[in-house]
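A.B. asks: Just to be clear, the model below is a prediction. Sequence and coordinates:
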Amino acid sequence: MTFLTSKTAAAIAVSLTLAACGTQQTTTTGSAVGVERKQTFSISSEAINTQAAQSYTEMVAQARTKGALNKDAALTARVRGIANRLIAKAPVLRPDSKSWAWEVNVFADNEINAFCFPGGKIGVYSGLISRLNLTDDEIAQVMGHEIAHALREHTREQQSREQGIGLVSGVIGAVGEAYGLSNVGQIASIGADLGFNLPFSRAHETEADQLGIELAARAGYNPDAAVTLWDKMQRVEGGEIPQILSTHPNSGNRQASLRVLAEKVRPLYLAAKKK
């Protein structure tokens, strides 16, 4: 009987994660905003989504233990209501997202942040809404932007490019390690350790702006809120840079671009409002 060495077994494990390699179009072509860039991957979406789900489950469990999960029932219902409208329209941009195991939770934390892990695992920090006094339309813009990253599989693309095939086994194995969370504020650091919070490129952020505002418009949320949202974020008290903006490009043209996008998707918004 032949036994595999640990190195050989690891190599096989790595090769299995490379099942869906090559150039792909992850979102529907012909969207209102025209995001049609093809992407190259060396890591399978199944591997990324599975590990993201495991990490998210741990985050939720730790937050629940700390009494910081969905602490405000009314706020949780509000956030989930907005998310559900966005999720319902996601298949227009990416048909297979209809089968994703979407989850939405609110973490009681004063940090200004939100995320959507690969495969549709959404987290919103209460501080994002309370400190910026966000409207439903503005919350939809934040969530639409984060969901767009997941629809376009930016995390998978970034890992494929930056980590390389030789590090895939390390990424996959990382989620098996125990994370000792001392407080809910460490949630973001888990994602960073797993690579889910790798800084997105300027192209990624532009695509998330474009698809996010379209998704929100299709769900019936005012696209003008994208402009007021980023205005609020840039005026955070004390000049603090919100975590959600820490890896976003600081472009003086961003507000102008958002205004152009708002006009482009306005017909979708008006049509959705009539339904």
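C.D. replies: All right, it came through fine. Bear in mind the structure is a predicted one, so any value in this text is a computation, not a measurement.
A.B. asks: low pLDDT regions in the stretch 151-275 of the chain?
C.D. replies: 163-200, 237-252 (pLDDT under 70).
A.B. asks: and W102, what does it touch?
C.D. replies: Going by Cβ atoms under 8 Å, 6 or more residues apart in numbering, W102 touches A83, I87, G120, K121, I122. (C-beta placed from N, C-alpha, C; glycine too.)
A.B. asks: one more time with 6 Å
C.D. replies: I87, G120 (Cβ atoms under 6 Å, 6 or more residues apart in numbering).
A.B. asks: Check the one 4 residues further on too.
C.D. replies: Listed by Cβ under 6 Å, 6+ apart, the contact set of V106 reads N70, L75, T76, V79, V124, S126.
A.B. asks: Now the phi/psi pair for the closest residue to the last one other than its chain neighbours, please.
C.D. replies: This means S126. Take S126 and drop its neighbours on the chain: the residue closest to it by Cβ to Cβ, 6 or more residues apart in numbering is A108, 5.1 Å away. Torsion angles at A108 (phi, psi; degrees, to the nearest 10) stand at phi -70, psi 100.
A.B. asks: Please name every helix or strand in contact with the strand or helix carrying V60.
C.D. replies: Element membership for V60, per DSSP states H and E: helix 45-65. If you count contacts as 3 or more Cβ pairs under 6 Å, 6 or more residues apart in numbering; DSSP states H and E, helix 45-65 packs onto helix 187-194.
A.B. asks: Run through the bridge partners of the residue nearest the centre of the chain.
C.D. replies: Most central in the chain under Cα atoms, centre = their mean is C116, positioned 2.8 Å from the mean C-alpha point. Taking DSSP bridges as the rule, C116 bridges to I122.
A.B. asks: Which residue ranges of the stretch 101-250 of the chain form strands?
C.D. replies: 103-107, 114-117, 121-125 (DSSP state E, counting those that start in this stretch).
A.B. asks: Distance to R156 and mean pLDDT for the ones you listed - can I get that in a markdown table?
C.D. replies: Shown next, in a markdown table, are the strands of the stretch 101-250 of the chain (distance: least, Cβ to Cβ, whole Å; pLDDT from 0 to 100):
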| stretch | distance to R156 | mean pLDDT |
| --- | --- | --- |
| strand 103-107 | 18 | 99 |
| strand 114-117 | 11 | 96 |
| strand 121-125 | 14 | 98 |
